[in-house]
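Colleague: Predicted model, plus sequence, below.
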Amino acid sequence: MIEVRGLTKRYGEVAALTQVSLEVRSGEMAVVLGPSGAGKSTLLRCINRLTEPDAGEVRIAGRLVPNDRRGLREVRRHVAMIFQDHNLVPRMSVLKNVLTGRLAVLSTFQSILQIFPVRDIEIATRALDRVELLDRAWTRADRISGGQQQRVGVARALAQEPRAILADEPVASLDPKTARVVLSDLRRAAHDLNIAVLCNLHQVAYAREFADRVFGICSGQVVFEGTPDGLTPGTLQRIYPGLDGDAAEGLNPVALLAARATRAAEASL
Amino acid sequence: MSSGNRFLIGRPWNRSSGLRRVAATAAVVVLLGWSAAHLGLSPRELVKGAPWIWDLLSRMLPPNWAFFDKLVRPAVETILIALWGTLLAVLLALPVTFLAARNLSPSPAVFHFVRQILNVARGINEIIFALIFVAAVGLGPFAGVLALSLHGAGMLGKFFAEAVEEVDSGPVEALRATGASSLQTILFAVVPQALPAWIAATLYRFEVNLRASTILGMVGAGGIGFELYSSMKLFQYQDTAACVIVILALVMSADYLSSRLRARILEG
C-alpha cells in the first residue's frame, strides 16, 4: 500500500534520509523505531510531501505521489496523518475537528458556508464513536484532555476513510495508559479497516506490543526490518548505537529474565 | 566586608563608555531645552493664563441642561457614524488580511505592497480623510463614515494580519495533510484561531472610532462635534459644557462595554 523507494533528504550537510526503501501492506500496523534525529519524522513527512524529498519515489496503492498541487491533494485525501501534538483546531468543536477530515471532498461553496453533507457527518460520527468519544462531540477541542485530543486526532484521520495512516510519534506526550489506548485504536483501525499504518515510536515496548512489523532507522538508513520478535538486544544496539548491553537486554523482557536467571544461578554456585 | 551603597542597575562603566554616556545625556538635555524654547513652553505664561482658564470654566457652569434635548440626535448620529465606520473598515480590511500576513501571503512582493497601502491608510489621520471626503461627498455624516472606514481599514488590516501571523501552524499543516485546499485551510484552521483577536481589535476600533466621531463634526463630517464647535464659536459655553458631558458619557460607556466584551472573548 505504502511503497517507498530510494527516498533521500538532506538538510544542508546533514543527511536526514539516505536511500530509504520500505513497504507497508494494507491492514498492517508497521512501527518505525529509531533514536531522536534518526529521520523518522522526515520519512513520514516525505511520504505525503509535507516535506519535499530530494530523491526517491513514493507510491500509494500503486500510484506515484505526484508533485503538482491537484494530484498531491488527491493523494493526501487517502493518506491521513496523526501528529505528536494532535494539531486539532482549538475553539472548534470535537465533531467539527473530525469533520475537517472530510474537507477534501467538500466543495468550496459548502466550505464557505460550513455546510457538511449528512453522509460526511455520519462518517465523522462513526469515526468519533470508534475512539469512544461520541459523547464529547460538541465540546470544544481545547477543553478535553490531552489523551482525548489525540484520540480525536485519530478520529479525524479515520474520517478521511484513508488507505494509509502516517502517525508521527502519536503517544510521545501521553501517559502510558492513554498511550496504549491510542495505539490500540490505531492497531484496530489497521486490522478492522484494512488500513496501512506507519507509526513512529520511541518506546520499544510499545513496538513489541502493538506492531505487526518493525522498521529500525538509524542515521537516516533502515538498519532493521522484521517482526517484533526480531528485536533482540543485538538488533536494538544496531538501531540505538551506544545503547549499553544491559539496557538493551532490559528492553527485551525475555532476555532480561534469562540474564537475571543466569546471574542468580551463578551467584548460588 | 565593605560597606556603602553602589548602583548595580546597568553594566559597570569604564572610562570610554562613561564619556559617551555623559555626552549623549548632555546632547538630549540641550535638544529638549532648545525645542522647549522654540515652542514657547513657559510655566510663567501658564500661570498668567490661569485666570482666563478659570473664567472660561466658570462661564461653562452650570451646564445648560435644557440643551441636552437638542443633543440626542447628534449623539445618536455619532454612535451610528462610529458603528458604520467600524463595519466598513472590517469589510475593507478582511479581504487584504491574508495578503498582508507573512505566513499566508502569496509572495513577499504582495506582502510588502499590501502592507505599504495599509501604512498609508493608517498614516493619514481621520480628520484629514474627513476634510477630503467632505469636499468629495459634501457636508454630513457620510463623509465621516468614509473617513473612519478608510483610516480604520489601515489599522484593522494590520491588526488582523498580525493575528493571522500568530496562529498556531500545527492545525494549518494538519488540514493541508488531509488534502484540504488553501481556502479550506484558511476557513477551518486559520480563521477559527484568529477570530477572537479579530473581534477584540474590532471592538477596540469601535471605541477609537466613537472618540474620533465626536470631533468629526468640527470639519463638517457629522455627529456631536458640530454642536460642540458651534457652541464655542457662539460663546455659548454652558451649551459647550453640555456637549462635553454627553461626549464623556458616550466615550466612557463605549470604553466600558468594549473592554468588558473584549475580556470575555479573550478569556474564551
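Modeller: Sure, I can see it. Residues are numbered from 1 along each chain as shown, chains lettered A, B, ... in the order given.
Colleague: In space, what's closest to A:Leu174 - neighbours in sequence excluded?
Modeller: A:Gly147 (5.4 Å; CB to CB, 6 or more residues apart in numbering or on different chains). To be clear about C-beta, it is placed using only N, CA and C from the backbone, and glycine gets the same treatment.
Colleague: ok, that neighbour - how many residues close by?
Modeller: 18 (other CB atoms under 10 Å in any protein chain shown).
Colleague: Report the separation between it and A:Val154.
Modeller: As judged by CB to CB, to the nearest Å, A:Gly147 and A:Val154 stand 11 Å apart.
Colleague: Identify the contacts common to those two.
Modeller: Each of A:Val182 lies in contact with both A:Gly147 and A:Val154 under the rule CB atoms under 8 Å, 6 or more residues apart in numbering or on different chains.
Colleague: that older thread, quick check: the residue nearest to A:Leu174 touching A:Thr178?
Modeller: Yes - between A:Gly147 and A:Thr178 there is a contact under CB atoms under 8 Å: 3.3 Å.
Colleague: low-confidence ranges in the chain?
Modeller: By default, I'm working from chain A. For chain A, applying pLDDT under 70 flags the ranges A:245-246, A:248-260, A:267-269.
Colleague: sorry, should have said chain B
Modeller: B:1-2, B:6-13, B:268.
Colleague: now the helices for it?
Modeller: B:15-39, B:43-60, B:68-97, B:108-123, B:126-137, B:141-165, B:169-177, B:182-185, B:191-216, B:225-233, B:237-266 (DSSP state H).
Colleague: Can I take it that A:Gly6 is in a strand?
Modeller: Yes - checked against DSSP: H, G, I helix; E, B strand; the rest coil, A:Gly6 lies within a strand.
Colleague: Contact partners for the residue lying closest to it once chain neighbours are set aside?
Modeller: Spatial nearest neighbour of A:Gly6, excluding adjacent residues (CB to CB, 6+ apart): A:Gly56 at 4.1 Å. Contacts for A:Gly56 (CB under 8 Å, 6+ apart) come out as A:Val4, A:Arg5, A:Gly6, A:Leu7, A:Thr8, A:Leu17, A:Gln19, A:Val20, A:Ser21, A:Cys46.
Colleague: Is the residue nearest to A:Leu174 inside a helix or a strand, and which specific one?
Modeller: helix A:146-159 (DSSP states H and E).
Colleague: Show residues contacting the helix or strand following that helix.
Modeller: Per DSSP H and E, helix A:146-159 leads on to strand A:164-167 as the next helix or strand towards the C-terminus. Among residues not part of strand A:164-167, those counted as contacts by CB under 8 Å, 6+ apart are A:1-2, A:24, A:44, A:47-48, A:60, A:78-82, A:157, A:186, A:189-190, A:195-200.
Colleague: near chain B, which residues of chain A show up?
Modeller: A:48, A:50, A:73-77, A:79-81, A:83, A:85, A:87-92, A:96, A:100-101, A:103-104, A:106, A:108, A:111-112, A:114, A:153, A:156, A:160 (CB under 8 Å from any CB of the partner chain).
Colleague: Inside strands: which ones of those residues?
Modeller: A:Val79, A:Ala80, A:Met81 (DSSP state E).
Colleague: any idea how far the residue nearest to A:Leu174 lies from A:Pro162?
Modeller: Taking CB to CB, one finds A:Gly147 at 22 Å from A:Pro162.
Colleague: Name the nearest of the contacts of A:Gly56 relative to chain B.
Modeller: A:Cys46 (12.6 Å; CB to the nearest CB).
Colleague: got a list of what that closest one touches?
Modeller: A:Leu7, A:Lys9, A:Leu17, A:Glu52, A:Pro53, A:Gly56, A:Val58.
Colleague: in stretch B:221-236, what's buried?
Modeller: B:Ala221, B:Gly222, B:Gly223, B:Ile224, B:Gly225, B:Phe226, B:Glu227, B:Leu228, B:Tyr229, B:Ser231, B:Gln236 (16 or more other CB atoms under 10 Å in any protein chain shown).
Colleague: tell me how far that stretch is from the chain's mean position?
Modeller: 23 Å (CA atoms, centre = their mean, to the nearest Å).
Colleague: Other residues contacting it?
Modeller: B:64, B:67, B:70-71, B:74-75, B:77-78, B:81, B:130, B:133-134, B:139-145, B:147, B:213-218, B:220, B:237, B:239-240, B:243-244, B:246-247, B:250.
Colleague: Is it possible to mark the buried ones in the contacts of A:Gly56?
Modeller: For the contacts of A:Gly56, buried by 16+ other CB under 10 Å: A:Val4, A:Leu7, A:Thr8, A:Leu17, A:Val20, A:Cys46.
Colleague: farthest pair in those residues?
Modeller: Spatial extent of the buried ones among the contacts of A:Gly56 (CB to CB) is set by the pair A:Val4 and A:Thr8 at 10.8 Å.
Colleague: who touches both of the two?
Modeller: A:Val20, A:Gly56.
Colleague: was I right about B:Val219 contacting B:Ala135?
Modeller: No - using CB under 8 Å, B:Val219 and B:Ala135 do not qualify as a contacting pair, with a distance of 10.1 Å.
Colleague: Looking only at neighbour counts, state which of these two leads.
Modeller: Using other CB under 10 Å, the more surrounded residue of B:Val219 and B:Ala135 is B:Val219, with 23 against 11.
Colleague: which stretches of the stretch 1-150 of chain A form helices?
Modeller: For the stretch 1-150 of chain A, applying DSSP state H, counting those that start in this stretch gives helices covering A:40-47, A:69-78, A:94-99, A:108-113, A:118-130, A:146-159.
Colleague: out of these, which comes closest to B:Pro196?
Modeller: helix A:94-99 (16.4 Å).
Colleague: Redo the contacts of A:Gly56 as TSV? Include distance to B:Pro196.
Modeller: Listed next are the contacts of A:Gly56 as TSV, based on distance: CB to CB, whole Å:
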residue	distance to B:Pro196
A:Val4	41
A:Arg5	46
A:Gly6	47
A:Leu7	41
A:Thr8	43
A:Leu17	40
A:Gln19	47
A:Val20	43
A:Ser21	47
A:Cys46	35
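Colleague: could you flag which of the residues of chain A next to chain B are buried?
Modeller: Members of the residues of chain A next to chain B classed as buried by 16+ other CB under 10 Å are A:48, A:50, A:73-77, A:79-81, A:83, A:85, A:87-90, A:92, A:96, A:100-101, A:103-104, A:106, A:111, A:153, A:156, A:160.
Colleague: rewinding a little: and the helix holding A:Gly147, C-alpha only, in PDB?
Modeller: Extracted C-alpha coordinates of helix A:146-159, given in PDB (Å, rounded to 0.1, in the frame of the first residue of the first chain):
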ATOM      1  CA  GLY A 146      -4.500  15.500  26.000                       C
ATOM      2  CA  GLY A 147      -5.300  11.900  25.600                       C
ATOM      3  CA  GLN A 148      -8.800  12.600  24.300                       C
ATOM      4  CA  GLN A 149      -7.400  15.200  22.000                       C
ATOM      5  CA  GLN A 150      -5.100  12.700  20.400                       C
ATOM      6  CA  ARG A 151      -7.900  10.200  20.100                       C
ATOM      7  CA  VAL A 152      -9.900  13.000  18.200                       C
ATOM      8  CA  GLY A 153      -6.800  13.300  16.100                       C
ATOM      9  CA  VAL A 154      -7.200   9.500  15.300                       C
ATOM     10  CA  ALA A 155     -10.900  10.100  14.600                       C
ATOM     11  CA  ARG A 156     -10.000  12.900  12.200                       C
ATOM     12  CA  ALA A 157      -7.700  10.600  10.400                       C
ATOM     13  CA  LEU A 158     -10.300   7.800  10.200                       C
ATOM     14  CA  ALA A 159     -12.900  10.300   8.900                       C
END
